[in-house]
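> Provided below for reference: sequence and predicted model.
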Amino acid sequence: MNQPVRWLCTTGFLVLLLCARCSEGDGDISVSAENEEPTPAMDRGDESLLPTEEATQGGGDMTMQLTSEAFSHGEPIPRLYSCDGDDTSPPLRWTDPPEGTQSFALIMDDPDAPMGTWVHWVIFNLPANTRMLAAGFPLDPQISNGARNGRNSWGRMGYGGPCPPDGTHRYFFRLYALDQILTLAPGANKAQVLQIIQGHILAEAELMGTYQR
């Protein structure tokens, strides 16, 4: 082989070798970049922003249902449970509360009273396994099952039925599932109960009935 041809072959081989090495080097850089620069989806910081299992389960947002066999929500309360009748409390029933419930509190009031909201009934420390109250709940300050009656707007213990001066009034029964047993003494009023249960309410249920004289 003459000298010019040999030179061209050698030069061509060197060029091909250099190109191959450059190509391999580019591939290494590309792989290294993918390993060292993870996409945002793989960033550990983003994982901490995902909702936890506990957050998606609702927790304190769980609701109960409060009903009465004496009347439906939004319907008239029978005369029997008013001051025009026997003035005894209506029967109530509710569904299971959230896990961790230690007691229940119940408040009944009338926001349509002419002098402002009138409180008709306050009960607290109902045992956690309670699911109903029979008609005619006792008026004693301390009940045998551990429940305690609070004081209504008449200054009396226990239930006082609907007794509006005129027109149709609404009566709200609100049940609270609590994560504690209250340290309040019998005779505590609505404001005292609401104050102490703040931050301890696991679930709530509401039933509203009307009454017109």
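Arrived safely.
> what about stretch 120-135, how long is it end to end?
Stretch 120-135 has an end-to-end distance of 15 Å (CA to CA, to the nearest Å).
> in contact with residue 118, which residues?
Applying CB atoms under 8 Å, 6 or more residues apart in numbering, we find residue 118 in contact with 109-110, 153. In this view, the C-beta of every residue, glycine as well, is placed from N, C-alpha and C.
> which parts of this protein are strands?
66-67, 92-94, 103-110, 118-127, 132-133, 148-149, 168-178, 201-212 (DSSP state E).
> which other residues reach the fifth one?
Residues from elsewhere that reach strand 132-133, judged by CB under 8 Å, 6+ apart: 89, 91-94, 106, 126.
> what do you get for the longest one?
Contact with strand 201-212 is made by 60, 62-68, 71, 73-77, 82, 90, 92, 94-95, 97-98, 100-101, 162, 164, 167-179, as judged by CB under 8 Å, 6+ apart.
> just the buried ones among those residues, please.
64, 66-68, 71, 77, 82, 90, 92, 94, 97-98, 101, 162, 164, 169-171, 173-179 (16 or more other CB atoms under 10 Å).
> pretty sure residue 94 contacts residue 67?
Yes - in this structure, residue 94 is within contact of residue 67 by CB atoms under 8 Å, at 7.2 Å.
> and the residue lying closest to residue 70 once chain neighbours are set aside, how far from residue 147?
Closest residue to residue 70 apart from its sequence neighbours, by CB to CB, 6 or more residues apart in numbering: residue 90 at 4.3 Å. Residue 90 sits 17 Å away from residue 147 when distances are taken as CB to CB, to the nearest Å.
> remind me which residues of the chain are low pLDDT?
1-62 (pLDDT under 70).
> can you pull the domain assignment for it?
Structural domains annotated on the chain: 3-41, 61-212, as defined by automatic domain parsing.
> which stretches of this structure form helices?
3-36, 44-47, 53-56, 190-197 (DSSP state H).
> could you measure from residue 188 over to residue 169?
Distance from residue 188 to residue 169, by CB to CB: 24 Å.
> same deal with residue 110?
5 Å.
> between these two, which contacts overlap?
Contacts common to residue 110 and residue 169, judged by CB under 8 Å, 6+ apart, are residue 162.
> that older thread, who's in contact with the residue nearest to residue 70?
By CB under 8 Å, 6+ apart, residue 90 lies in contact with 68, 70-71, 77-78, 81, 135, 209.
> cutoff 6 Å now
Applying CB atoms under 6 Å, 6 or more residues apart in numbering to residue 90 gives the contacts 68, 70, 81, 135.
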